[in-house]
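**Student:** here is a sequence with its predicted model. Questions after.
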Amino acid sequence: MGPDELARLVDKHAAALTLYARQWCATPEDVVQTAFLKLVRQRVVPDNLVAWLFRVVRNAAIDAGRSARRRQKYENLAATNAPLWFVPTEDPTGLDARTAAAALQQLPDEIREIMVAHLWGGLTFEQIAGIVGGSASTCYRRFALGLDLLRDKLGVKQCPPQTKTTR
(Lines give C-alpha, C1' and ligand atoms only; values in the text may rest on other atoms or scores of the structure.)
Protein backbone atom coordinates (compact mmCIF):
# COMPACT_ATOMS: atom_id res chain seq x y z
CA MET A 1 0.00 0.00 0.00
CA GLY A 2 1.42 3.34 -1.06
CA PRO A 3 1.40 6.55 0.93
CA ASP A 4 -1.17 8.18 -1.36
CA GLU A 5 -3.64 5.35 -0.91
CA LEU A 6 -3.06 5.36 2.85
CA ALA A 7 -3.65 9.13 2.97
CA ARG A 8 -6.87 8.69 1.02
CA LEU A 9 -8.04 6.01 3.47
CA VAL A 10 -7.19 8.18 6.47
CA ASP A 11 -9.01 11.18 4.99
CA LYS A 12 -12.06 9.13 4.11
CA HIS A 13 -12.43 6.88 7.18
CA ALA A 14 -10.52 8.28 10.17
CA ALA A 15 -13.38 10.42 11.48
CA ALA A 16 -15.89 7.57 11.35
CA LEU A 17 -13.41 5.15 12.91
CA THR A 18 -12.70 7.64 15.71
CA LEU A 19 -16.39 8.04 16.41
CA TYR A 20 -16.77 4.25 16.34
CA ALA A 21 -13.92 3.74 18.83
CA ARG A 22 -15.15 6.49 21.16
CA GLN A 23 -17.93 4.24 22.47
CA TRP A 24 -15.40 1.87 24.06
CA CYS A 25 -12.45 3.99 25.13
CA ALA A 26 -11.30 7.49 26.02
CA THR A 27 -8.43 7.52 23.52
CA PRO A 28 -10.09 6.83 20.17
CA GLU A 29 -7.58 8.83 18.12
CA ASP A 30 -4.73 6.66 19.43
CA VAL A 31 -6.66 3.50 18.62
CA VAL A 32 -7.37 4.65 15.05
CA GLN A 33 -3.76 5.67 14.51
CA THR A 34 -2.61 2.25 15.75
CA ALA A 35 -5.03 0.54 13.36
CA PHE A 36 -3.62 2.45 10.38
CA LEU A 37 -0.08 1.59 11.49
CA LYS A 38 -1.11 -2.05 11.71
CA LEU A 39 -2.51 -1.78 8.19
CA VAL A 40 0.81 -0.41 6.89
CA ARG A 41 2.62 -3.42 8.38
CA GLN A 42 0.36 -5.92 6.61
CA ARG A 43 2.17 -7.76 3.82
CA VAL A 44 -1.08 -8.45 2.01
CA VAL A 45 -3.83 -5.84 1.95
CA PRO A 46 -7.01 -7.31 3.48
CA ASP A 47 -9.81 -8.13 1.05
CA ASN A 48 -12.45 -5.91 2.61
CA LEU A 49 -10.21 -3.11 3.82
CA VAL A 50 -12.81 -0.88 5.48
CA ALA A 51 -14.41 -3.77 7.38
CA TRP A 52 -10.92 -4.88 8.45
CA LEU A 53 -10.17 -1.38 9.77
CA PHE A 54 -13.43 -1.28 11.73
CA ARG A 55 -12.73 -4.71 13.25
CA VAL A 56 -9.18 -3.75 14.25
CA VAL A 57 -10.37 -0.44 15.72
CA ARG A 58 -13.18 -2.17 17.61
CA ASN A 59 -10.89 -4.78 19.15
CA ALA A 60 -8.22 -2.23 20.06
CA ALA A 61 -10.78 0.19 21.53
CA ILE A 62 -12.32 -2.53 23.69
CA ASP A 63 -8.83 -3.52 24.89
CA ALA A 64 -7.92 0.11 25.60
CA GLY A 65 -11.14 0.63 27.57
CA ARG A 66 -10.57 -2.52 29.62
CA SER A 67 -6.99 -1.52 30.27
CA ALA A 68 -8.01 1.96 31.41
CA ARG A 69 -10.69 0.59 33.75
CA ARG A 70 -8.25 -1.95 35.19
CA ARG A 71 -5.58 0.72 35.69
CA GLN A 72 -8.12 3.07 37.31
CA LYS A 73 -9.25 0.29 39.66
CA TYR A 74 -5.69 -0.43 40.78
CA GLU A 75 -4.83 3.26 41.12
CA ASN A 76 -7.92 3.83 43.26
CA LEU A 77 -7.07 0.82 45.40
CA ALA A 78 -3.48 2.01 45.82
CA ALA A 79 -4.63 5.53 46.70
CA THR A 80 -7.09 4.20 49.25
CA ASN A 81 -4.50 2.01 50.94
CA ALA A 82 -1.60 4.48 50.75
CA PRO A 83 -0.57 6.27 53.91
CA LEU A 84 -1.06 10.02 53.92
CA TRP A 85 1.99 11.93 52.75
CA PHE A 86 1.11 14.86 54.90
CA VAL A 87 -1.27 15.70 57.63
CA PRO A 88 -3.73 18.33 56.43
CA THR A 89 -3.60 21.47 58.51
CA GLU A 90 -6.52 23.69 59.23
CA ASP A 91 -6.84 26.01 56.26
CA PRO A 92 -7.80 29.47 57.49
CA THR A 93 -9.52 30.21 54.17
CA GLY A 94 -11.72 27.12 54.39
CA LEU A 95 -10.72 26.01 50.88
CA ASP A 96 -10.39 22.44 49.83
CA ALA A 97 -8.05 21.10 47.16
CA ARG A 98 -10.80 20.06 44.74
CA THR A 99 -12.40 23.48 44.76
CA ALA A 100 -9.04 25.15 44.20
CA ALA A 101 -8.16 22.73 41.39
CA ALA A 102 -11.50 23.36 39.70
CA ALA A 103 -10.97 27.13 39.92
CA LEU A 104 -7.46 26.77 38.47
CA GLN A 105 -8.85 24.68 35.61
CA GLN A 106 -11.26 27.49 34.71
CA LEU A 107 -8.46 30.02 34.16
CA PRO A 108 -7.44 30.88 30.59
CA ASP A 109 -4.78 28.47 29.29
CA GLU A 110 -1.98 31.05 29.02
CA ILE A 111 -2.50 32.18 32.63
CA ARG A 112 -2.88 28.66 34.03
CA GLU A 113 0.29 27.53 32.25
CA ILE A 114 2.32 30.34 33.85
CA MET A 115 0.85 29.72 37.31
CA VAL A 116 1.53 26.00 37.21
CA ALA A 117 5.06 26.49 35.86
CA HIS A 118 5.88 29.03 38.56
CA LEU A 119 4.11 27.58 41.59
CA TRP A 120 4.56 23.85 41.03
CA GLY A 121 7.41 23.82 38.54
CA GLY A 122 9.51 26.31 40.48
CA LEU A 123 10.43 28.17 37.29
CA THR A 124 11.33 31.83 37.33
CA PHE A 125 9.39 34.29 35.21
CA GLU A 126 12.42 34.59 32.94
CA GLN A 127 12.44 30.82 32.39
CA ILE A 128 8.70 30.78 31.76
CA ALA A 129 9.06 33.64 29.27
CA GLY A 130 11.57 31.54 27.34
CA ILE A 131 9.08 28.68 27.18
CA VAL A 132 5.91 30.59 26.30
CA GLY A 133 7.58 33.16 24.07
CA GLY A 134 6.99 36.41 25.94
CA SER A 135 8.72 38.69 28.37
CA ALA A 136 9.29 38.04 32.06
CA SER A 137 7.21 41.10 32.96
CA THR A 138 4.28 39.85 30.87
CA CYS A 139 4.52 36.47 32.58
CA TYR A 140 4.52 38.18 35.97
CA ARG A 141 1.48 40.30 35.06
CA ARG A 142 -0.40 37.20 33.89
CA PHE A 143 0.59 35.39 37.08
CA ALA A 144 -0.69 38.28 39.21
CA LEU A 145 -3.89 38.39 37.16
CA GLY A 146 -4.28 34.65 37.70
CA LEU A 147 -3.99 35.11 41.46
CA ASP A 148 -6.65 37.82 41.35
CA LEU A 149 -8.93 35.64 39.24
CA LEU A 150 -8.48 32.72 41.63
CA ARG A 151 -9.25 34.94 44.61
CA ASP A 152 -12.45 36.07 42.90
CA LYS A 153 -13.49 32.54 41.92
CA LEU A 154 -12.79 31.20 45.40
CA GLY A 155 -14.26 34.15 47.27
CA VAL A 156 -11.02 34.95 49.08
CA LYS A 157 -10.54 38.60 49.97
CA GLN A 158 -6.84 38.36 50.67
CA CYS A 159 -4.30 35.65 51.25
CA PRO A 160 -3.78 34.74 54.91
CA PRO A 161 -0.42 35.76 56.37
CA GLN A 162 2.19 33.04 56.14
CA THR A 163 4.07 31.90 59.20
CA LYS A 164 7.82 31.70 58.96
CA THR A 165 9.43 28.32 59.31
CA THR A 166 13.00 27.59 60.27
CA ARG A 167 15.05 24.89 58.75
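**Tutor:** Nice, I can see it.
**Student:** so for residue 79, what's the pLDDT?
**Tutor:** Looking at residue 79, its pLDDT reads 79.
**Student:** show me this structure divided up by domain.
**Tutor:** Annotated domains of the chain cover 3-81, 97-154 [automatic domain parsing].
**Student:** centre of the chain to the last one, how far?
**Tutor:** Taking C-alpha atoms, centre = their mean, to the nearest Å, the mean C-alpha location of domain 97-154 is offset from the chain mean by 17 Å.
**Student:** what stretches of this protein score poorly on pLDDT?
**Tutor:** 84-95, 158-167 (pLDDT under 70).
**Student:** and the residue of it positioned farthest from its centre, which of the three is it?
**Tutor:** The centre of the chain is farthest from one residue, residue 47, which by C-alpha atoms, centre = their mean lies 38.2 Å away. Using DSSP: H, G, I helix; E, B strand; the rest coil, the structure places residue 47 in coil.
**Student:** phi first, then psi, for it.
**Tutor:** Dihedral pair for residue 47: phi -60, psi -60, per degrees, to the nearest 10.
**Student:** and residue 26, by the same measure?
**Tutor:** Torsion angles, degrees, to the nearest 10, at residue 26: phi -90, psi 0.
**Student:** that one - how many residues pack around it?
**Tutor:** A total of 12 residues lie near residue 26 under the criterion other C-beta atoms under 10 Å. From N, CA and C alone the C-beta is placed, and that goes for glycine too.
**Student:** what about the residue lying closest to it once chain neighbours are set aside, distance to residue 27?
**Tutor:** Nearest non-adjacent residue to residue 26, counting by C-beta to C-beta, 6 or more residues apart in numbering: residue 68, 6.2 Å away. Residue 68 sits 8 Å away from residue 27, taking C-beta to C-beta, to the nearest Å as the criterion.
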